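Undergrad: My questions concern the predicted model and sequence given below.
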Amino acid sequence: MAALLEVQDIHTFIGQFHILQGVSLEVPEGSITALLGRNGAGKTTTLKSILGLTPPREGKVIFLGEEIGGRRAYEIAAMGIGYVPEYRAIFTGLTVEENLRIAERRKGDLKRKADFIFTLFPDLKRLYRLPGGQLSGGQQQMLAIARALVPDNRLLLIDEPSEGLAPILIQELMGAIRRLSAEVTVLLVDQNFQMTSRLADRYFMIEDGRTVRSGAMADLLNEPDVIRRYLGAVI
Amino acid sequence: MEKTGFPLWLRRHWPGLVILTLMSLFPFLAGLAMGDPAAVPPEIQGVGRVLALAETGRAKFWQGMVIQMFILAVFAMSYDLLLGYTGVISFGHAMFFGTGGYVVGLLVKHAGWSAGAAVGVLLLVALLQSLMVGALSLRVKGVYLAMVTLAFAEFFYILAEATDFRQYTGADDGLHGIYPPPFLSPTDHRTRFYFLALVFFLTMYLAARRLVNSPTGRVMVAIRENEARAAMLGYNTFVYKLVALVAAGVMAALAGALNAFFNLGVTPSVLSVATTIDVLAMTIVGGAGTLTGPVLGAAIVHLLGYWLNRLFGQTWVLLFGVTFILIVVFLPYGIVGTVQARSWRWRAVWRERWRRIKEGRKFPLPS
Amino acid sequence: MKRYRAFTAFILIVGALVALGYGLFGPQKATAALLSGLTLASLYFLLGAGLSLIFGLMDVLNFAHGVLFMVGAYVGYTVFGNPRLILNTAPLFLALAVGIIAGSRLAPLIPNRRFIPYLLALAGVGVTLWGIRGFPLRPLVAFEPTTAGGAIPTALAQEPLSRMLLRLGQLALAGLLLGPVAARWGREDRRAAPWRSLALGVGLTLLAVLLLLGRDPLERFLLGLSVDVRFFLALVAGAATGAALGALIETTLIRPFYGRPITQIVLTLGLMFAGAELVKFIWGKEGRPPMAVPSLFAQSCRSPNLLAWLTERCSSIDVLGRAFPTYRLFIIAVGLLILVGVALLLKYSRLGMIVRAGVQDSAMVEALGINVRRVFMAVFALGSALAALGGVVAAPFVGVYPEMGSIFQLQAFIAVVIGGMGSYTGTAVGALVLGLARALGDTLVTTGIALPGMAQALRASPAVARASTVLMMAVVLLVRPAGIFGRKE
C-alpha cells in the first residue's frame, strides 16, 4: 500500500533554533498513525512543517505522490489536509455555523457533510447559532474537528485533542475519532498515551527533533521499557 | 607581560582618540586647505594666521557642515536609545528636538534671558515633557505607540504653526534672532562654536555610552529582545522604557537648542514629520543598536542631502526617499550593523583558516 | 458584558458633548455645530475604517493612509475639472505596468545571477527617466477651476500623438527592464496562470492606446457631461485609484516584510512623506478651492426643509433658522452608507467572514486552505479605496491641498485611538466622538471663551481646536489605553 503522506528527513528552523533535525514518517491511507514523543520533542512543529506553516528548510514532504515542500500552507491544505491545531484555534467571534462554513472549499461542502458531522457531534446541531467563544472546551474541540471534516480532506492532522478535557469527554472524543477514521486518514498527536495507544495502528516516535522508532502500535505495547524511556508513561 | 592602567586604556581606545584628535584639528586643517588667504590681513602670521584662516571662505562653510553633523549626530544617538536599544518605535522624536529650539528661542528672544539660563530651564521643560509624553504613550505598544507619538508631535507642530501665537513663535515664518552669547557667535567666531559643538557631542556620546553600558542599559536591551521575558524576570519594563524615553528626550532637546543657536532661529519644520524621518534615516542608515552607527548615519545623511540638493535641486527629496527605501530594505542593520556582522563572520572564517594552517604545520598533509 | 459597558460609555460621552453644545451655544448654533461634527465624523470614519481593518487583520499600521485620502481627492478633482491631465498621463502608467508584467514573466529567461536583475532595473530607471524627460507637466496641470462644462484654458498644452506614442514605447521598455526585479520582489504569485497575465497585459495595452488616440474626443465628451455624471466619475476614479495604489503598496512595501514589522511601518512613514512631496511636485504647492458640487446641492438659495430641498436643489438648508450647506448632508449620507455597507459585508459575505476570522488568527485561516495573503491585499485595497473615496467626497467641502493628507490622517489616528484600534464599531464610535468634539471645539474657539472677570473673550484659530484633539487622545490613553471598544492585548 502506497503511503498517503511521506515525510523524508525534514529539518525545520524556528528563528535560529534547529527544531526538527531529521524527522521521517509515513502515513498509510486509511489508518490512524500516532506521533509520539515528550513535550518539546517537535511533534507540533512536525505537523506545522507538513502543512507549510513552518516550512522545512531541508528534506521532502510528499503528499498524494507529489512533493509539496516549499508550497504555501493554503495550497497544501487545499490539496486535502485538514488541521486541528493544539488549543483548538476555533474562531471565537464567529458562530458555530460560520466556523464550519469558512472551511468550505466548494459551495455546498457543508450541506453535504452536515449529516456526517452531526452524527459524530450531535451537540453542534444544538449550538449551531452560538458564537464559538461561548462553547465549552470540549465543544470547541468537537467544533475544531468538525471544521476539518467540512471539505473533502484525505488526511487530518490532529494535535493534542484531549488536552484539558474531562475523562468522560475524552471517551466521547475517542469514539468520534475512531468513527471518522473510517472516512479519512488521521495523523494524531496526543500526550495521552492511553488514548493514542488504543486508537492508533502505527506509531512514530520522535525525540529531540529526530525520528527514533517506528512500528506497529501493538508491538510498542509489549515494550514497557521503551514507553517509559521515551514517553515517561506507564502502562 | 600584563598591561594595566593607562597603556591598556590607550590600547583599547586608540581609534576613538585618533578620531578625536582629527576632529579637534579639523578647523585648522580646513583653514589651511580651504581658507581664503585674501581675506586675512598679511600682517597676521603664524598661529594667529591659521586661526584667522579657519574663519574664512570654504573653511568656515565646512566647519558649519561639521557643526551641523555634530548636532544631528547627538539627535540621532538620542533616537537610537529608543529605537535601537529599547526597541521603542517613536515617530514623534522631532517634538523634543523642536521643543529644545523653541524653548530657548522664546526665553532668549522674548524674555531676554541669557543662553545659559535658558538651557537650564530647557532641561527642566524637556524632562517634564518627555515624562508626560512617555507616561501616556508608553501605555500602548508597538506600531500603536508609533501612531500615538506621531500624534503628540503633530500637536506641537500645529501649535508652532498656529497664527494665534505669531507674536511669540512667528507662526510659519519661524522664530528668528536666537543669539548665543557674542563670544560664541556662530557667525563671528565659528571655530569657537565648533569646539562648543564638539565638546557637546563628546559629552553626549560619553553619557549615552555610560547609559547603554549600565545595568539599566542592559535591561533596555532585554526589553528590545523580548519584553515579556524582561517583565517575567521582575523588571518593571514601563519604568525602564520611560527612563530611555526621558534620556532620549532630554538629549534631543539639548541638540535642538544648540541647533537653534547655530542657525540663529527655528522654523516649525523642526517639529514636522520630515525631521522625524531624517533622524530615522540617520539611525537606520548608520545602524540601529549601536552608538557609532547613528553618528556615521548623521554625517552621511547630512552630506548626501547637501550633495543631492546641489545636483538635483528641488527633486532631491524624492531621490532621498528612494535611497532611504533601498537602504531600509537592503541594509536592515545599517552600515555599522552590517559591517559588524560581517566582520564577526570574517573573523570566524580567518580564525578557522589560521587554525587549519597551524594544525597543518603540526601534521603535514601526506603528499 | 464588557460591550454593554463600552456602549454605555459611548452614549454618555456623546450625550455629554451634545448637552455641552446646547448649554454653551443654545439650540441654534449647537445644532449647526453638531451637524458639522457629523460631517467631519463621516470623513474621519472613511479614513479610520481602512486603517482599523488593515491593522486588525494584518497588524500593519499604514502611515501612508492619509496620502491615499489626498491622492483620491486630487485624482477626483482632476477627473472632474481637467481630464486632459489624466488622459495624457494614465497611458504612461499603463505602459509601464504592461512592461513590468511582461518583464516579470520573462524573468526566468535571464541568467540566474544575483546582480543581473538589479543591473537591468538600473537601466530601467534610466529608461523611465528618459521616457518622462521633458514631459509638459506644468501646462497640463495648470487649469482654472472649471464651472459646469467649462473648457480647459491651456488649449495647446498636449504633446503631439507621435511624441506620446514614443514615450509609451519608452516606458514599456523601462517596465520590461524593471520586471525581473519586480518578480523577485513579489515572489508570491509566480504560479498564476500565464494566460491571465497575457490577458491583463493585452487589455492594459489596448486601454492605454485607446485613451491616447481618443484623448481629444474623450476630453470633449467628458467635459460635455453633466456635473452630476462627472462628479460620479470622480468618485469612481478616486476610489479606483485608491484601490490600485493600496494593492500596489501592499505587494511592494508590506508583503515582502511580514517578518519585519519595523521595516513595514518605516516604509509607510517614508511613503507618507514622499507622497506629500510627489503631490506637491505634480500639482503644485498651492491648494485649490473646493470642487464644484453636483446639481442637487448647487442652486444658491436656502430651502426651508428637506422635502423642499429635494425639489429646489438649494445649496443650503434651513436648520432652526440658520443656513446649513446641503452638500455636508451628502457627506454624512456617504459616511452612513459606507458604515452600513461595510458592516453588512463583514457580517454576511464570505470575504467578511474570512476577515473576521483572520483578525483573530490568520495562520489558522491559511491552514484551512484559504489564500490569506490575497485576502490581505483585498482588504488593503478596500481600505485604501475608502480613504480615497473620502478624499473625493471631501474635495468640494475643503478643497484640495498638499497638507490635507497629514491633517486628516492625524484626526483619523486620534479617532481610532479613541474608538479602539482594530475594532470596526470602535472606529465608527471614535470618529463620531471626535467629529462632534472637533466641531464644538471649532465653534468654541471662534466664538470665544468668556471667563468671568475677563474683559475680552479668548479667541483662537481652528488650528488650536485641531491640536486640542490630541489632548482628547491623551485623556483616552490615560483612562483606557485600548480605546472604548478596543481589545485587551
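TA: Great, that's in hand.

Undergrad: what number of residues lie near residue 70?
TA: Looking at chain A here, since you left the chain open. By other C-beta atoms under 10 Å in any protein chain shown, the residues close to residue A:70 number 12. The C-beta positions use only the backbone N, C-alpha and C, and glycine is treated the same way.

Undergrad: meant chain B actually
TA: By other C-beta under 10 Å, the residues close to residue B:70 number 26.

Undergrad: Isn't it up against residue B:201?
TA: Yes - contact criterion C-beta atoms under 8 Å: residue B:70 and residue B:201 qualify, at 4.1 Å.

Undergrad: OK, contacts around residue B:291?
TA: Contacts for residue B:291 (C-beta atoms under 8 Å, 6 or more residues apart in numbering or on different chains) come out as B:77, B:80, B:205, B:208, B:209, B:212.

Undergrad: Let me see the contact set for the last one.
TA: Pointing back at residue B:212 there. So residue B:212 contacts B:81, B:85, B:220, B:221, B:291 (C-beta under 8 Å, 6+ apart).

Undergrad: Just the buried residues out of these, in ChimeraX syntax.
TA: Command for ChimeraX, covering only those of those found buried under the criterion 16 or more other C-beta atoms under 10 Å in any protein chain shown:
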select /B:81,85,220,291
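
Undergrad: Pick the one among the contacts of residue B:212 closest to residue C:35.
TA: If you rank the contacts of residue B:212 by distance to residue C:35 using C-beta to C-beta, residue B:81 comes first, at 47.5 Å.

Undergrad: Can I take it that the closest one is in a helix?
TA: Yes - assessed with DSSP: H, G, I helix; E, B strand; the rest coil, residue B:81 lies in a helix.

Undergrad: Neighbours of residue C:164, how many?
TA: Residue C:164 - counted by other C-beta under 10 Å - has 18 other residues nearby.

Undergrad: Then the one 5 residues further on?
TA: When counting by other C-beta under 10 Å, one arrives at 13 neighbours for residue C:169.

Undergrad: In contact with the closest residue to it other than its chain neighbours, which residues?
TA: Among residues not flanking residue C:169 along the chain, residue C:95 sits closest, at 7.6 Å (C-beta to C-beta, 6 or more residues apart in numbering or on different chains). Residue C:95 is in contact with C:167, C:168, C:169, C:171, C:172, C:175, C:205, C:208, counting by C-beta under 8 Å, 6+ apart.

Undergrad: Drop anything exposed from these.
TA: In the contacts of residue C:95, the ones that pass as buried (16+ other C-beta under 10 Å) are C:167, C:168, C:171, C:172, C:175, C:205, C:208.

Undergrad: Let me have these in JSON lines, extended by pLDDT, distance to residue C:199 and secondary structure.
TA: Converted to JSON lines, the buried ones among the contacts of residue C:95 look like this (pLDDT from 0 to 100; distance: C-beta to C-beta, whole Å; DSSP: H, G, I helix; E, B strand; the rest coil):
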{"residue": "C:167", "pLDDT": "91", "distance to residue C:199": "25", "secondary structure": "helix"}
{"residue": "C:168", "pLDDT": "91", "distance to residue C:199": "20", "secondary structure": "helix"}
{"residue": "C:171", "pLDDT": "92", "distance to residue C:199": "21", "secondary structure": "helix"}
{"residue": "C:172", "pLDDT": "91", "distance to residue C:199": "17", "secondary structure": "helix"}
{"residue": "C:175", "pLDDT": "89", "distance to residue C:199": "17", "secondary structure": "helix"}
{"residue": "C:205", "pLDDT": "91", "distance to residue C:199": "11", "secondary structure": "helix"}
{"residue": "C:208", "pLDDT": "91", "distance to residue C:199": "15", "secondary structure": "helix"}
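
Undergrad: dump the residue contacts of the nearest residue to residue B:178 once chain neighbours are set aside.
TA: With sequence-adjacent residues excluded and distances taken as C-beta to C-beta, 6+ apart, residue B:178 is closest to residue B:105, at 4.5 Å. By C-beta under 8 Å, 6+ apart, the contact set of residue B:105 is B:175, B:178, B:260, B:265, B:266.

Undergrad: Quick check: strands, which of those residues are part of them?
TA: Counting by DSSP state E, those place B:175, B:265, B:266 in strands.

Undergrad: Contacting chain C as well, which ones from those residues?
TA: With C-beta under 8 Å from any C-beta of the partner chain as the criterion, no member of these is in contact with chain C.

Undergrad: I'd like the residues you listed laid out as CSV, including pLDDT, distance to residue B:28 and neighbour count.
TA: Below are the ones in strands among the contacts of residue B:105 laid out as CSV (pLDDT from 0 to 100; distance: C-beta to C-beta, whole Å; neighbours: other C-beta atoms under 10 Å in any protein chain shown):
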residue, pLDDT, distance to residue B:28, neighbour count
B:175, 89, 34, 24
B:265, 91, 29, 19
B:266, 93, 31, 30
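
Undergrad: ok, those vs residue A:49, which is closest?
TA: Scanning the ones in strands among the contacts of residue B:105 for proximity to residue A:49, where the rule is C-beta to C-beta, the winner is residue B:266, at 56.8 Å.

Undergrad: okay, and for chain A, where does confidence drop off?
TA: Counting by pLDDT under 70, chain A has low-confidence residues at A:1-2, A:232-235.

Undergrad: For it, just list every one of the strands.
TA: A:3-14, A:17-28, A:32-36, A:58-63, A:66-67, A:81-84, A:155-159, A:185-189, A:202-207, A:210-216.

Undergrad: Which neighbours in the sheet does the last one have, and how are they oriented?
TA: Sheet partners assigned to strand A:210-216 using DSSP bridges are listed as strand A:202-207 (antiparallel).

Undergrad: could you give the angle of the strand it pairs with to strand A:3-14?
TA: Orientation check (axes from the mean of the first three to the mean of the last three C-alpha atoms, to 10 degrees): strand A:202-207 against strand A:3-14 gives 10 degrees.

Undergrad: can you list contacts of strand A:202-207?
TA: Contacts to strand A:202-207, defined as C-beta under 8 Å, 6+ apart, come from residues A:23, A:25, A:28, A:31, A:33-38, A:41-43, A:46, A:196, A:211-217, A:220, A:230.

Undergrad: which of those count as buried?
TA: A:23, A:25, A:31, A:33-38, A:41-43, A:46, A:196, A:211, A:214, A:217, A:220, A:230.

Undergrad: Excluding chain neighbours, what is closest to whichever residue of the stretch 51-200 of chain C sits closest to chain B?
TA: In the stretch 51-200 of chain C, the residue found nearest to chain B is residue C:61; the distance is 4.1 Å by C-beta to the nearest C-beta. Counting by C-beta to C-beta, 6+ apart, residue B:143 is the residue found nearest to residue C:61 once chain neighbours are left out, at 4.1 Å.

Undergrad: How about residue C:178?
TA: Nearest non-adjacent residue to residue C:178, counting by C-beta to C-beta, 6+ apart: residue C:124, 3.8 Å away.

Undergrad: For that neighbour, give me its contacts.
TA: Per C-beta under 8 Å, 6+ apart, neighbours of residue C:124: C:174, C:175, C:176, C:177, C:178, C:181.

Undergrad: residues in chain A within reach of chain C, list them.
TA: A:51, A:53, A:72-75, A:77-78, A:83, A:85, A:89, A:91-94, A:98, A:101-103, A:105, A:147, A:151.

Undergrad: Any idea what the spatially most central residue of chain A is bridged to?
TA: In chain A, the centroid-proximal residue (C-alpha atoms, centre = their mean) is residue A:158; its distance is 1.7 Å. Beta bridges link residue A:158 to residue A:84, residue A:188 when assigned by DSSP bridges.

Undergrad: Provide the secondary structure category for the residue nearest to residue C:61.
TA: Residue B:143 ends up helix, using three-state DSSP.

Undergrad: do residue C:158 as well
TA: Classified using three-state DSSP, residue C:158 is coil.
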